[in-house]
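K.L.:
curious how this folds, go ahead:
(one chain, ligands or ions: 1)
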Amino acid sequence: AHISFDASKLDKFVHDNELGEMQALVNAADAELRNGTGAGSDFRDWLNLPEDYDKDEFARIQAAAKKIQSTSKVLVVIGIGGSYLGAKMAVDFLHDTFYNYLPDDQRDFPQILFAGNSLSPSYVHDLIHLIGDRDFSVNVISKSGTTTEPSIAFRIFKQRLIDKYGEAEAKSRIYATTDQKRGALKSEADAEGYESFVIPDGVGGRYSVLTAVGLLPIAASGIDIDQLMTGARDAMNAYTDTDLTKNEAYQYAAYRNILYRKGFTTELLENYEPNMQYFAEWWKQLMGESEGKNEKGIYPSSANFSTDLHSLGQYIQEGLRNLMETVVFIDKPNHDIDIPKEDGNLDGLQYLEGRTMHFANTKAFQGVTLAHTDGNVPNMSVHIPDQTPYTLGYLIYFFEVAVAISGYLNGINPFNQPGVEAYKTNMFALLGKPGFEELGEKLNKRL
Ligand code: PA5
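P.N.:
Predicted coordinates for the structure are as follows:
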């Protein structure tokens, strides 16, 4: 496999026979997933997506990306949850750390900025300020087409496009990614003639990064999305064997369930690269929405190292012992830097002369793994060779297939998210949306 999963530090927590004991359960989970006999089987189209996608639409995405690049300095991507995190994490992961901070003349492709993932007026104000009078386009993404946060942001940025370019050109700068048939955004896109892309019925929000949801913003930022799909396709073919000694994605799913049943109920996804922070945010949604239901599930959290070693590190080392850790470690970073030679040794770093920052980062990772293991926190790691689109595609698929198996191992439907609706409904009612009057009255009495 292109990436490798390392469970060698789990000896202390998992007995020799335990992985093998999971094999029968994993076989059953695999059958539920592959044969569609498990809960939520209508939402499994992400499984074959790296091969089975709409090639014409893919070409349209690439053409739209080119058009955005030639007409805009900024692409405002409007969406929330699964309609946002995949693109955000991929753009961060695949570009220079400060890609979005570079002046326009030092960036070959548009700045990718996000809106509609909060209701903060200050954020929108500041984003408008940041765009200034530069040319921009908007990619509005919502599967339901009715989510309040992105809908409000879209109104605001649509208005700004109209003010800046007039109605006709504004329409040509709006790209809508939504359901094939349903929802307010679909109706609006049809009525106004926006270029539209489809979120396939059988792909839930958090599994949608390899559809137009993620692909258009990622391609607009100049990334080779063919490579992304190729990586995912290779992972798709690599993770089909149910044998736990061979399938590392299934192995990861099995180990985290073994640990969960021993009381390690929170998993921290960790990195040693600041531009992987949003990878963890994407992962948290994937894991949390898939597994947190029926009053159970591993709670997904994250930490960014070394930063959080100096904040959360104390808790991880010595706090409540319900934590497990999974590190995604990059074996060959995009860049490495020598630790400089200096006359004298006032800072005490002479012993590191001739070494590189990556060497130090690797030793930090190894030292932390052993320290946390000694502190009774089970540690797993996923090694990735680099930060290329191919590797990211591979990694995305690794976690997607792992959480599907993991969810079935824990006896839940890994593809629905009924809990997300509760707040949405309350918000509609409190905002006075037609059709929600009765609930609105009840809720207002409780406030
Ligand atoms: O995974 C999910 O389904 C959710 O997180 C959605 O992506 C999120 O609620 C946004 O919904 P929508 O795309 O319908 O606006």
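K.L.:
hey, let's count contacts and neighbours off CA atoms from now on
P.N.:
Noted.
K.L.:
for this protein, which helix or strand comes out least confident on mean pLDDT?
P.N.:
helix 418-431 (a mean of 91; mean pLDDT, DSSP states H and E).
K.L.:
pull the CA atoms of that one into PDB?
P.N.:
As requested, the backbone C-alpha atoms of helix 418-431 are provided in PDB (Å, rounded to 0.1, in the frame of the first residue of the first chain):
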ATOM      1  CA  PRO A 418     -30.200  12.400  12.200                       C
ATOM      2  CA  GLY A 419     -28.700  14.400  15.100                       C
ATOM      3  CA  VAL A 420     -27.700  17.300  12.800                       C
ATOM      4  CA  GLU A 421     -31.300  18.000  12.000                       C
ATOM      5  CA  ALA A 422     -32.400  18.800  15.500                       C
ATOM      6  CA  TYR A 423     -30.700  22.100  15.800                       C
ATOM      7  CA  LYS A 424     -31.500  23.000  12.200                       C
ATOM      8  CA  THR A 425     -35.200  22.500  12.900                       C
ATOM      9  CA  ASN A 426     -35.000  24.600  16.100                       C
ATOM     10  CA  MET A 427     -33.300  27.300  14.300                       C
ATOM     11  CA  PHE A 428     -35.900  27.400  11.500                       C
ATOM     12  CA  ALA A 429     -38.600  27.600  14.200                       C
ATOM     13  CA  LEU A 430     -36.800  30.400  16.100                       C
ATOM     14  CA  LEU A 431     -36.100  32.400  13.000                       C
END
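K.L.:
what does that helix contact?
P.N.:
With contacts defined as CA atoms under 8 Å, 6 or more residues apart in numbering, helix 418-431 is touched by Thr147, Thr148, Lys293, Phe436, Glu437, Glu438, Leu439, Gly440, Leu443, Asn444.
K.L.:
what's the next secondary structure element after it?
P.N.:
Next in sequence after helix 418-431, counting helices and strands by DSSP states H and E, comes helix 437-446.
K.L.:
with just CA atoms, put that next one into CSV.
P.N.:
Extracted in CSV, the C-alpha atoms of helix 437-446 (Å, rounded to 0.1, in the frame of the first residue of the first chain):
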residue,chain,number,x,y,z
GLU,A,437,-44.8,28.3,13.7
GLU,A,438,-46.0,25.8,16.3
LEU,A,439,-42.6,24.6,17.2
GLY,A,440,-41.4,28.2,17.3
GLU,A,441,-44.1,29.1,19.9
LYS,A,442,-43.1,26.1,22.1
LEU,A,443,-39.4,26.9,21.9
ASN,A,444,-39.8,30.6,22.6
LYS,A,445,-41.7,29.8,25.8
ARG,A,446,-38.7,27.7,27.0
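K.L.:
and the angle from that helix to helix 418-431?
P.N.:
Note on geometry: by axes from the mean of the first three to the mean of the last three CA atoms, to 10 degrees, helix 437-446 and helix 418-431 are set 80 degrees apart in direction.
K.L.:
near the ligand, which residues of the stretch 101-250 of the chain show up?
P.N.:
Within reach of the ligand by CA under 6 Å from any ligand atom, the stretch 101-250 of the chain has these residues: Ser142, Lys143, Ser144, Gly145, Thr147, Gly204, Gly205, Arg206.
K.L.:
if we use 8 Å, what do you get?
P.N.:
Within the stretch 101-250 of the chain, the positions near the ligand by CA under 8 Å from any ligand atom are 141-148, 150, 178, 204-207.
K.L.:
now the buried members of those residues.
P.N.:
Neighbour counting by 16 or more other CA atoms under 10 Å classes 141-148, 150, 178, 204-207 among those as buried.
K.L.:
from Ala212, how far off is Gln62?
P.N.:
Between Gln62 and Ala212 the distance is 10 Å, computed by CA to CA, to the nearest Å.
K.L.:
hang on, I meant Gly231
P.N.:
For Gly231 relative to Ala212 (CA to CA), the value is 17 Å.
K.L.:
same deal with Leu439?
P.N.:
Where Ala212 is concerned, Leu439 sits at a distance of 35 Å (CA to CA).
K.L.:
more neighbours, these two?
P.N.:
More neighbours surround Ala212 than the other of Leu439 and Ala212, with 27 against 15 (other CA atoms under 10 Å).
K.L.:
my read is that the more buried one contacts Ser196, right?
P.N.:
No: Ala212 is beyond contact range of Ser196, at 9.5 Å (criterion: CA atoms under 8 Å).
K.L.:
which residues do the two both contact?
P.N.:
Counting by CA under 8 Å, 6+ apart, the residues touching both Ala212 and Ser196 are Thr177.
K.L.:
on that earlier part again, for PyMOL, write a command that selects the buried ones of the contacts of helix 418-431.
P.N.:
With 16+ other CA under 10 Å as the burial test, the buried ones among the contacts of helix 418-431 are selected in PyMOL as follows:
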select buried, resi 147+148+293+436+440
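K.L.:
for the contacts of helix 418-431, give me a markdown table that also has pLDDT.
P.N.:
Below are the contacts of helix 418-431 laid out as a markdown table (pLDDT from 0 to 100):
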| residue | pLDDT |
| --- | --- |
| Thr147 | 93 |
| Thr148 | 94 |
| Lys293 | 96 |
| Phe436 | 95 |
| Glu437 | 95 |
| Glu438 | 95 |
| Leu439 | 95 |
| Gly440 | 95 |
| Leu443 | 95 |
| Asn444 | 95 |
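K.L.:
out of the contacts of helix 418-431, which comes closest to the ligand?
P.N.:
Distance to the ligand, by CA to the nearest ligand atom, is smallest for Thr147 among these, at 4.5 Å.
K.L.:
give the contact list for that closest one.
P.N.:
The contact partners of Thr147, taken as CA under 8 Å, 6+ apart, are Lys424.
K.L.:
distance of it from Ala65?
P.N.:
25 Å.
K.L.:
swap in Asp6?
P.N.:
According to CA to CA, Asp6 stands 38 Å off from Ala65.
K.L.:
again, but for Leu259
P.N.:
43 Å.
K.L.:
just Glu291 next, same as before
P.N.:
Look at Glu291 and Ala65: by CA to CA, they are 34 Å apart.
K.L.:
more crowded one of the two?
P.N.:
Glu291 (28 against 23).
K.L.:
what residues does that one make contact with?
P.N.:
Applying CA under 8 Å, 6+ apart, we find Glu291 in contact with Gly297, Ile298, Val403, Gly407, Ile412, Asn413, Pro414.
K.L.:
and for the second one, the neighbour number?
P.N.:
For Ile298, the tally of surrounding residues (other CA under 10 Å) stands at 25.
K.L.:
burial of the residue lying closest to it once chain neighbours are set aside, as a residue count?
P.N.:
Distance criterion CA to CA, 6 or more residues apart in numbering; nearest residue to Ile298, sequence neighbours excluded, is Thr265 at 4.9 Å. Neighbours of Thr265 under the rule other CA under 10 Å: 19.
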